[in-house]
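**Student:** Based on what follows, work out the 3D shape:
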Amino acid sequence: MKFLIITQDLRVSGTSAGIGRRSFLGKLKKVYPHSEIDVLYISHFDSSNDDLEILPVDTIIRKVINPTIPFHVKWINRFTSRMFNFLYADHYIHQLYAKHIRQIDYKKYDHIFIWSSGIKHETILATDRLPILKNAIVVFHDPYPHAWYTGKSSKIHKNEFLRLQKMIAVVQQAKTCCATAYYMANDLKYLYASVKKFYTLPHHFEAKAFDFSKKNIIQRKERKLQISYHGALMLGRNLSNVLEAYSNLIQENPEFRKNTEFILRIRGEKINELKQKFDNDNNIKFLDTLDFSSSSNEQMHESDINIILENGPYYCNILPGKVPFLASIGKPVLVISPGRSELRRILKNDSRYIADMNLVEDIQFKLKNLILINLQNSEPVYPFGNYFSDANFLKQVDAILREN
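**Tutor:** Numbering: from 1, shown residues only. The predicted structure follows:
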């Protein structure tokens, strides 16, 4: 069986998309060990440090796109977008990707996966009207256009409707469509007015796709139990309520103050506000972000409870990219979730590992119970069961391939 994977992100750090795509390649080779896997890697950044040599694939063709839009293209775009409802600047970028996709002899492959990355989905949109699209399995990692991203509150510009119109055309041409979350698959099916079934192909994690040798800059645990959150603050993720709940717990219980600490390695929105409110507490530490290898080692070997923040405040239809990794390390998690979300669907509402992001009392109650349990017992736990297992990955991919 021969696979072709087209992607634009195989980075080892700083992006959940790169981690997810690398893991997909690793899992694919793991469950289909005798398959041949070729990769077309089209990026708009320097990919020379992406550790491509450790990926278990047969060939990788690497191409780098210059994402800078020339002045004359911007000038033409102002005219075409107003007079003809045509986004010439978007078209210009998509053609840079399409140039390399056209050169692939796609007919020699049994299955073709085209993965989205970032917020602009260039690799998918570049296949519009290309023959390869009718043979391709298109996988969405995020909603597109970005204005439809749950948790984003900006106004929808006319250009977003034009982008939506183009994606609808691409979906109509594609052989099969998937999304990395069940709710997103359902939402995109209706957003794109598609008669096709949208399959769910969640992110997975494969350790062999990474080099975990970097361990020298992790934060060694200074108390008996370490709680941590590594990640971004955006799209309605509510870390403030988590810190308020933890602060309440250590004020109420001297043993918690003595035996626990909360490590934060964050980037994104309103970090200074959080520091002003909580940085004076010696149990709460704001530290610099780390590369993926170091961050993973810290969460595997030092953290006892890992926090996962979903988008909010009311609905989250994506699967956070870090979840499969955290699901694999045998540590308890506390998911801070809106009332309806992908992880709430997987974990079930009554799970001890999920709390309402809008209720400090619920977060406090769930966090207290996890702390009490883990101060007494540090046996491995797997809150997500077999959802991210090799067997479930094979089952999900097989279901998609059987239809193709």
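**Student:** got any ranges where the protein has weak pLDDT?
**Tutor:** Under the criterion pLDDT under 70, the flagged ranges of the chain are 149-154, 214-216, 349, 404.
**Student:** What residue spans form the domains of it?
**Tutor:** For the chain, automatic domain parsing gives the domain ranges 2-204+389-402, 225-376.
**Student:** Could you work out the end-to-end span of the longest one for me?
**Tutor:** Domain 2-204+389-402 has an end-to-end distance of 15 Å (criterion: CA to CA, to the nearest Å).
**Student:** Helices of this structure, residue ranges please.
**Tutor:** With DSSP state H as the criterion, the chain has helices at 16-31, 71-83, 88-101, 122-125, 158-173, 182-191, 239-252, 254-259, 271-278, 292-301, 323-328, 342-347, 360-376, 390-402.
**Student:** can I get the ones you listed in a markdown table with distance to residue 138?
**Tutor:** The C-beta positions use only the backbone N, C-alpha and C, and glycine is treated the same way. As requested, the helices of the chain are arranged in a markdown table below (distance: least, CB to CB, whole Å):
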| stretch | distance to residue 138 |
| --- | --- |
| helix 16-31 | 14 |
| helix 71-83 | 25 |
| helix 88-101 | 13 |
| helix 122-125 | 6 |
| helix 158-173 | 7 |
| helix 182-191 | 10 |
| helix 239-252 | 33 |
| helix 254-259 | 48 |
| helix 271-278 | 35 |
| helix 292-301 | 26 |
| helix 323-328 | 21 |
| helix 342-347 | 20 |
| helix 360-376 | 37 |
| helix 390-402 | 11 |
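**Student:** out of these, nearest to residue 310?
**Tutor:** Closest to residue 310 of those is helix 342-347 (CB to CB; 5.9 Å).
**Student:** Could you check how far the closest one is from the centre of its chain?
**Tutor:** Here the centre of helix 342-347 is set off from its chain's centre by 15 Å, with CA atoms, centre = their mean, to the nearest Å.
**Student:** Give the other helices and strands that it contacts.
**Tutor:** Under the contact criterion of 3 or more CB pairs under 8 Å, 6 or more residues apart in numbering; DSSP states H and E, the helices and strands touching helix 342-347 comprise helix 182-191, strand 333-337, strand 354-356.
**Student:** among those, which is nearest residue 396?
**Tutor:** With CB to CB as the measure, helix 182-191 is the member of the helices and strands packed on helix 342-347 nearest residue 396 (11.0 Å).
**Student:** Pull out the buried residues from that closest one.
**Tutor:** By neighbour count, with 16 or more other CB atoms under 10 Å as the criterion, the buried positions of helix 182-191 are 182-185, 187-189, 191.
**Student:** quick one: which of the helices of the chain is nearest residue 5?
**Tutor:** Closest among these, once you apply CB to CB, is helix 16-31, at 6.5 Å.
**Student:** quick one on the thing from earlier: save the helices and strands packed on helix 342-347 as JSON lines, and put in distance to residue 41 too.
**Tutor:** As requested, these are exported to JSON lines (distance: least, CB to CB, whole Å):
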{"stretch": "helix 182-191", "distance to residue 41": "24"}
{"stretch": "strand 333-337", "distance to residue 41": "31"}
{"stretch": "strand 354-356", "distance to residue 41": "36"}
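**Student:** Which of the ones you listed sits closest to residue 248?
**Tutor:** strand 354-356 (13.4 Å).
**Student:** which strands and helices sit next to that closest one?
**Tutor:** The helices and strands touching strand 354-356, judged by 3+ CB pairs under 8 Å, 6+ apart, are strand 333-337, helix 342-347, helix 360-376.
**Student:** 10 Å instead?
**Tutor:** Counting contacts by 3 or more CB pairs under 10 Å, 6 or more residues apart in numbering; DSSP states H and E, strand 354-356 packs against helix 239-252, strand 333-337, helix 342-347, helix 360-376.
**Student:** How about the residue nearest to the spatial centre of the chain: what's its closest non-neighbour residue?
**Tutor:** Ranked by distance to the mean C-alpha position of the chain (CA atoms, centre = their mean), the top residue is residue 321 at 2.9 Å. Leaving aside its chain neighbours, residue 321 sits nearest to residue 16 (2.4 Å; criterion: CB to CB, 6 or more residues apart in numbering).
**Student:** and if you look at residue 26?
**Tutor:** Of all residues not flanking residue 26 in the chain, residue 206 sits nearest, at 3.1 Å (CB to CB, 6+ apart).
**Student:** how much space between the one you found and residue 389?
**Tutor:** Here residue 206 is placed at a distance of 12 Å from residue 389 (CB to CB, to the nearest Å).
**Student:** for residue 117, same thing?
**Tutor:** For residue 117, the distance to residue 389 under the criterion CB to CB works out to 25 Å.
**Student:** So which of the two has more stuff around it?
**Tutor:** Between residue 117 and residue 389, counted using other CB atoms under 10 Å, the more crowded position is residue 117 (25 against 15).
**Student:** hmm, back to that, which one among the buried residues of helix 182-191 gets closest to residue 271?
**Tutor:** Of all the buried residues of helix 182-191, the one with the least separation from residue 271 (CB to CB) is residue 184, at 27.3 Å.
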